[in-house]
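Enquirer: below is the sequence, then the predicted model.
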Amino acid sequence: MTSSESLETRDPWMWIVVFLGVTTFANALWMLAGPMHWYTELPAAVPDTGPFNPHFVRDIGCAFLTTGVALVWAFFSPRFRLPLITISAVFLAAHAILHAYDTLRGALGHDHWMLDLPGVYLPGLLLPFIAFRLAREDRARNS
């Protein structure tokens, strides 16, 4: 890593990226290793979304694993940062939109606005913001 890359990882937004990456990765490992435990013990009232399906929990765990790896990779690799964060932002924003849709249509109770705020809505809002910011900086640098 060059000194300029080292300085780029000190950007406060990149610390948010690596935090989201590590927590997303940890959540994925929990989903893959103990799907029933994750389903019943995650403080986001997952049982409200439907009956337990271990295969489905692990499928989604694979998506979170991919996202977590991409975000940690983005933190350490400025060269690939924009595409890695952008693809991760697509997944996390789509996930947040799905939760909002289900809450708005009444499939989830209104308590889910707050239950889903830290783990679904904030990542789904922050990461697209960071991706747009990086894209704008990249265009400015290359103009």
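Expert: Here it is on my side, so go on. Numbering: from 1, shown residues only.

Enquirer: buried residues, the host helix or strand of Val69. List them.
Expert: If you go by DSSP states H and E, Val69 is part of helix 54-76. Of the residues in helix 54-76, 57-58, 60-61, 64-75 count as buried by neighbour count, 16 or more other Cβ atoms under 10 Å. The way it works is simple: take the backbone N, C-alpha and C, and place the C-beta from them, glycine included.

Enquirer: how close does the residue nearest in space to the middle of the chain sit to Pro51?
Expert: Nearest to the geometric centre of the chain sits Leu92, at 4.6 Å (Cα atoms, centre = their mean). Separation of Leu92 from Pro51 (Cβ to Cβ, to the nearest Å): 25 Å.

Enquirer: could you do Leu65 as well?
Expert: Leu65 sits 23 Å away from Pro51, going by Cβ to Cβ.

Enquirer: which residues of this structure fall in strands?
Expert: With DSSP state E as the criterion, the chain has no strands.

Enquirer: show me the shaky parts of it.
Expert: Residue ranges of the chain with pLDDT under 70: 1-9.

Enquirer: same thing but 80
Expert: Low-confidence segments of the chain (pLDDT under 80): 1-10.

Enquirer: still on that earlier bit, neighbouring contacts of the helix holding Val69?
Expert: Contacts of helix 54-76 from elsewhere in the structure, counted by Cβ atoms under 8 Å, 6 or more residues apart in numbering, are 1, 9, 14, 17-18, 20-32, 35-36, 38-39, 80-81, 84-85, 87-88, 91-92.

Enquirer: wait, Gly124 touches Val90, no?
Expert: No - look at Gly124 against Val90 with Cβ atoms under 8 Å: they stay out of range, at 10.1 Å.

Enquirer: and Arg105, how many neighbours?
Expert: Arg105 is flanked by 8 other residues according to other Cβ atoms under 10 Å.

Enquirer: actually Glu137, not the one I typed
Expert: Using other Cβ under 10 Å, Glu137 is surrounded by 12 other residues.

Enquirer: would you check how far apart Leu32 and Val57 are?
Expert: 8 Å.
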